[in-house]
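Asks: Kindly generate the corresponding structure for this input.
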Amino acid sequence: MGDSKEAGAEAPPTGANTRGGLSLLSQRESEEPSAQGSALFLGGNEVKSRAVVKYSSAPPRTAFARLEEKTDLKLPPANWLRESAKLGPAGTTILGNSKKSKPFSSFGMAYDFIDSVGNDVDVVSDSENIKKLLKIPYSKSHVSMAVHRVGRTLLLDELDIQELFMRSSQTGDWTWLKEFYQRLIDQKWQRKKKSKEHWYQKAILSKFLYYSINGDGAAQPVPSAAEQQESSSSDQTNNSDGASWPAPFEMPSSVSEEPSASSQGLKNDFVRNILWTFEDLHMLVGSNMPIFGGGRYPAVSLRLRDNNKPINVLTGIDYWLDNLICNVPELVMCFHVNGIVQKYEMIKTEEIPNLENSNFSTKVIKDIAQNILSFLKSNCTKEGHTYWLFKASGSDIVKLYDLTTLCEETEDKYQNPFTMPVAILLYKVACNMMMKKNQNKKHYGTVRTLLLNCVKLLDKSRHPQIIASANYMLSELFQLVEPKKEESSESPLNENSDESYSEEEEEMPDSDENGSYSTSSDPSDDNKAVAIIKSVGELSVPEKYKSIHQIRPSCAFPVCHDTEERCRLVLSYVLEGLKSVDSSIKKESDLPAADPNTPIPLKYEDESTRGGPEGLEKQMALFLDKMGSLRKRNYSSQSGMIPGSWQHKMKLQLILKSSKAYYVLSDAAMSLQKYGRALRYIKLALQSHDTYCCLCTNMLSEVLLFLSQYLTLCGDIQLMLAQNSNNRAAHLEEFNYQTKEDQEILHSLHRESSCQGFAWATDLSTDLESQLSVSCKCYEAANEILRFNDLKSQNPEHYVQVLKRMGNIRNEIGVFYMNQAAALQSERAVSKSVSTAEQQLWKKSFSCFEKGIHNFESIDDATNAALLLCNTGRLMRICAQAHCGAAEDFKREFSPEEGLYYNKAVDYYLKALRSLGTRDIHPAVWDSVNWELSTTYFTMATLQQDYAPLSRKAQEQIEKEVSEAMMKSLKYCDVDSVSARQPLCQYRAATIHHRLASMYHSCLRNQVGDEHLRKQHRVLADLHYSKAVKLFQLLKDAPCELLRVQLERVAFAEFQMTSQNSNVGKLKTLSGALDIMVRTKHAFQLIRKELVEESDQPKSEETPPAAESSPGLNREEVVKLLSIFESRLSFLLLQSIKLLSSTKKKSSSNLEDDVVLKTNKQIYSQLLRATANKNASLLERIDVLIRLLEQLAHSAAGGAVQ
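Replies: Below is the predicted model of the structure:
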């Protein structure tokens, strides 16, 4: 049998010789044995050829039997036209009886080897068509072929004009082409009958091949004339069947049905399919050439020649190409004279081009192949169009027509019988490219073009399934969410110019720089032709069409500039798909009539009519019950779709795609702060999902996750609507608007369900509480869904996001109720007790905060948990404030309820600090909690100090509690860290020190006895006064407070002086008090600066009076403090003068004391004169005091008084 691998010829695997039901596995298996291929170097010119058998149904090769001389081939052999084990199931095909290819033979191959179509292969065709094309410059015979383009692949089929027009006269089809043909090409067309010689040659070739396979040479009696006639007619019938033209659209609409089983003859009927690489051209070729082997000849082709007729160039090219395509290294020729065998001759394949009378250049054949392919690829640019390559007998002109364009000019554009096979092939190639997981997205432009052309070719009413499926795939090509920058710019999608072309692009001009073809007004030209080769001789010129071959229009994927544009494109495909599905469902009459152009009314109800939050609770309970039973619920479709039908499966996919698109649109609108539009889109997404739930018999986890995401976004939108209530009219307008496309999609959804499953989540309410409640319920529903099927653990990131949002919305609702309670509190009369409504609001607020804290703690979000604990503390403080106004101010005492709530507030703030752990986690929140805690302690201490509960507690205990609370407030008041809050902290700390100093000062005044305690109070008062002064001096906007503290210190010194007996002690105390007075100069300078700024302001612009325009400075308080200061300074100076005068009389004169006495007298005198002037302005009085204090400071610096 020979070694098949040696020549790289066909080598079918075991069991691959049955054609029926060809599977991908058998294709792959059949490729392996012959994957070596071979390169043949033929003649003197090197031509590269490699052939790989992709499939073969031929039996193992048998040795050919060399017939004895004088064998009469006119006599039939014993095995003629009978099946044999040596022949296998291919029967007569392998021996060449059925030589004529079918009109759709390339489609049969393309369906079987769909992976090769569109990308790797340049041409798919019968080997006979390839040979006919390459012989064009040498042959005078006519050429008529149909050409189709799929991606970068061309499909070539014989277009038998005679057969076609015979059918036309019987059925009336193709009349437009017949008329066109007669008008432009052959005006006197008539069917040409084949000669007797043709049938005679065909018969003796068949008998010769059967003799060669039989080998016994036993001749059979010559059949009678009647039998011969019968045999001849059966041959004709077979031929006729082989080239039968199917009526348009006989193809079953089911895409899943194997095309090989179709009634249109789209079967791959070749004995072998070969991937032939000829130079740089890749061709998928079908061949039926019989191949023999045996002995020292691993593979040979067998030919019968009439010895009286020499081999010509056409025959030589024929034999050479057949051997190249099938990778057969040798040719055996049997010569006969009038059917009597004469001799055998063996010729190597590479020697065929050099045979006598049959010389041809292999290089020229290569050039012809490249030029023809370039010509076709340059001009057959429209996918889905049927092109006709035609050369009339004896003519040198080759013309290319676009039959699809010509057909569209007729009444029925679906008359073209190629339409359906082309559409199916486009669809299958697109499917195949989509299915490849490693498929680069740069090919999406090609896939989109294939699908758009497929849809364009088909009649919507007759092929709804393919159209629905193609539209779904088109929608799948677009990424709804914008991919990350690093992995996707749009450029890769446009870099596939070498892969295909765009159907929107204008055709290239029909000429190139060499002027090799044109549409000029030459008489030989035809204005209906797409392109013309004026002379077949041009095809032999090397690289004549090379430049055209390289230029391919790009197949650019459309660049969508934003998310909305991309989603709208997806939805347009989804809508077309839905229309196709709906049109195919029979039970239209059972449906309530609905006009897709009429908007579906949207209901808006007040919260009162809907039952408020209580009604919402019921709706939520129903929804969750529905979700719980989703896995086992019954299928319910109003349109009568059958579960499992293609309509059911396709509609599910399309609805799911629409819900995703609307979700992305909603998310995009949300980011643009178009909340009304976002709510409309999320409503459509949820309506789509609700319909999906009605149709789905087995809910996938992925789909439940989508629902959880939709509800989460819906919650976000409702929350944002609640927070942006001032723009409600604009949001409502956006919410009510609907595009025609949205209405039609909704109409399709309403065919299956009421779409009301999520109505509770998507209503646009005007009530703030209702919006917040709906938002919360959306998050709760999203969280509940995550509990199904363990989605929580499978999607931890989404789960964390949902819980964060739940915590946040509960905080929002808690704050809402807390603010309502505070508003009620401010409205009620001071004397009234706490109302029930207030208490209810406290409870609601507290409950929300508590749940929110639990949400945040469950996902270890310490920062947000701390913020909610902080808000709970604030709620406790509001509760405390509510219990303070029960009595009139003069009777008021700090109540136990106030203390209880303030202590609870303190507990929550401390919990917040414990939750945070350290300041590093979130400094801003940490500082905020510390400030609130300090404020709570400070408020509590202040209230206890100002409204001391003396009826319940002793003064000492109250003082102790106040002191402790104040010190705790100081502990949490950070005066050192530089921040925006630092001045507030400094003011707070200064105020605390001032209050504590005042308290100890008061204790010292009121206390009698216990000298140790008095001394302690004196030290503490002095310490806190000095600290208060230091802190107030750091602040630029608290001069009055600084002045007040200094005056209190002076009063404290005066009080101390009253208990002193010696003049020296009194003088020392007086000196200290005057020193304090001197240090108040800084406060007066600050007051003066503010007064000057106020007085300058009205001059520059018209403003209200200075006192009103500068709320920082209280003029009345300044005047009051100034009067006190003047009187105290006057008193201290007078006392100083008296003491110094009496000391001078009693003891010897001291020079320093004299100077001080003199200075004090002068200052005292000036002060008296200044205070006596009642007409002096506030600014003038302050200027006098600043001058006097400077003099006093200078005197003290002189060292008069230590």
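
Asks: From now on I want contacts and neighbour counts done on CA atoms only, so please keep to that.
Replies: Will do.

Asks: Show the average pLDDT along stretch 153-168.
Replies: For stretch 153-168, mean pLDDT rounds to 81.

Asks: Which positions within that stretch qualify as buried?
Replies: Going by neighbour count (16 or more other Cα atoms under 10 Å), the buried part of stretch 153-168 is 153-161, 164-165, 167-168.

Asks: Figure out how far that stretch is from the centre of its chain.
Replies: Its chain's C-alpha centre and that of stretch 153-168 lie 47 Å apart, by Cα atoms, centre = their mean, to the nearest Å.

Asks: any idea how far residue 931 is from residue 991?
Replies: To residue 991, residue 931 is 15 Å away according to Cα to Cα, to the nearest Å.

Asks: Residue 211 now?
Replies: Residue 211 is 125 Å from residue 991, by Cα to Cα.

Asks: shaky segments in the stretch 351-500 of the chain?
Replies: Applying pLDDT under 70 to the stretch 351-500 of the chain flags the ranges 409-415, 437-442, 482-500.

Asks: Tell me which stretches of it form helices.
Replies: 362-379, 403-408, 419-435, 444-457, 464-476, 491-494 (DSSP state H, counting those that start in this stretch).

Asks: And the stretch 1-150 of the chain, by the same measure?
Replies: 4-7, 24-31, 105-112, 127-134.

Asks: Same check on the stretch 1051-1200 of the chain?
Replies: 1063-1079, 1081-1100, 1106-1109, 1115-1146, 1151-1172, 1178-1197.

Asks: Likewise for the stretch 151-300 of the chain?
Replies: Going by DSSP H, counting those that start in this stretch, the stretch 151-300 of the chain shows helices at 161-171, 175-184, 196-214, 225-242.

Asks: Do you have the strands of this structure handy? List them.
Replies: Listed in chain order, the strands of the chain (DSSP state E) span 49-56, 123-126, 143-150, 153-158, 272-278, 281-287, 291-294, 297-306, 330-337, 340-348, 387-391, 398-402, 529-533.

Asks: Columns distance to residue 877 on top of these, output as JSON lines?
Replies: Below are the strands of the chain laid out as JSON lines (distance: least, Cα to Cα, whole Å):
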{"stretch": "strand 49-56", "distance to residue 877": "85"}
{"stretch": "strand 123-126", "distance to residue 877": "85"}
{"stretch": "strand 143-150", "distance to residue 877": "77"}
{"stretch": "strand 153-158", "distance to residue 877": "80"}
{"stretch": "strand 272-278", "distance to residue 877": "86"}
{"stretch": "strand 281-287", "distance to residue 877": "85"}
{"stretch": "strand 291-294", "distance to residue 877": "101"}
{"stretch": "strand 297-306", "distance to residue 877": "102"}
{"stretch": "strand 330-337", "distance to residue 877": "105"}
{"stretch": "strand 340-348", "distance to residue 877": "107"}
{"stretch": "strand 387-391", "distance to residue 877": "86"}
{"stretch": "strand 398-402", "distance to residue 877": "86"}
{"stretch": "strand 529-533", "distance to residue 877": "88"}
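
Asks: on that earlier part again, nearest to residue 322, out of the helices of the stretch 351-500 of the chain?
Replies: Smallest distance to residue 322 across the helices of the stretch 351-500 of the chain (Cα to Cα): 13.5 Å, for helix 362-379.

Asks: same for the closest one, what does it pack against?
Replies: Here helix 362-379 touches helix 127-134, helix 546-550, going by 3 or more Cα pairs under 8 Å, 6 or more residues apart in numbering; DSSP states H and E.

Asks: I'd like to know which of the ones you listed has the weakest mean confidence.
Replies: For the helices and strands packed on helix 362-379, where the average pLDDT is lowest is helix 546-550, sitting at a mean of 46.

Asks: quick revisit: of the helices of the stretch 151-300 of the chain, which shows the lowest average pLDDT?
Replies: Among these, helix 225-242 carries the lowest mean pLDDT (a mean of 40).

Asks: picking up where we left off before, ok, the buried residues of stretch 153-168 vs residue 982, which is closest?
Replies: When the buried residues of stretch 153-168 are compared for distance to residue 982 (Cα to Cα), residue 153 wins out at 76.5 Å.

Asks: For that closest one, give me its contacts.
Replies: By Cα atoms under 8 Å, 6 or more residues apart in numbering, residue 153 lies in contact with 117, 118, 119, 120, 121, 122, 123, 124.

Asks: Could I get the average pLDDT for stretch 679-697?
Replies: The model assigns stretch 679-697 a mean pLDDT of 90.

Asks: okay, now residue 280: neighbour count?
Replies: Using other Cα atoms under 10 Å, residue 280 has 11 neighbouring residues.

Asks: Just the pLDDT at it, thanks.
Replies: For residue 280, pLDDT reads 86.

Asks: what does residue 533 give?
Replies: 82.

Asks: switch to numbering from 12
Replies: Yep, numbering from 12; the last one is residue 544 now.

Asks: neighbours of it, just the number please.
Replies: Residues near residue 544, counting by other Cα under 10 Å, number 21.

Asks: how far away is it from residue 383?
Replies: Residue 544 is 10 Å from residue 383, by Cα to Cα.

Asks: Quick one: closest of the strands of the chain to residue 680.
Replies: From those, taking Cα to Cα, the stretch that ends up closest is strand 154-161, at 39.6 Å.

Asks: Counting by contacts, list what the closest one packs against.
Replies: strand 164-169, strand 398-402, helix 430-446.

Asks: Output that strand as PDB - backbone C-alpha positions only.
Replies: Extracted in PDB, the C-alpha atoms of strand 154-161 (Å, rounded to 0.1, in the frame of the first residue of the first chain):
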ATOM      1  CA  VAL A 154     -15.600  30.900 -17.200                       C
ATOM      2  CA  SER A 155     -18.600  31.500 -14.900                       C
ATOM      3  CA  MET A 156     -18.200  31.500 -11.100                       C
ATOM      4  CA  ALA A 157     -20.000  32.900  -8.100                       C
ATOM      5  CA  VAL A 158     -17.700  34.600  -5.600                       C
ATOM      6  CA  HIS A 159     -18.600  35.400  -2.000                       C
ATOM      7  CA  ARG A 160     -16.500  37.100   0.600                       C
ATOM      8  CA  VAL A 161     -16.400  36.100   4.300                       C
END
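
Asks: That one pairs with which strands, and in what direction?
Replies: Strands that pair with strand 154-161, judged by DSSP bridges, come out as strand 164-169 (antiparallel), strand 398-402 (antiparallel).
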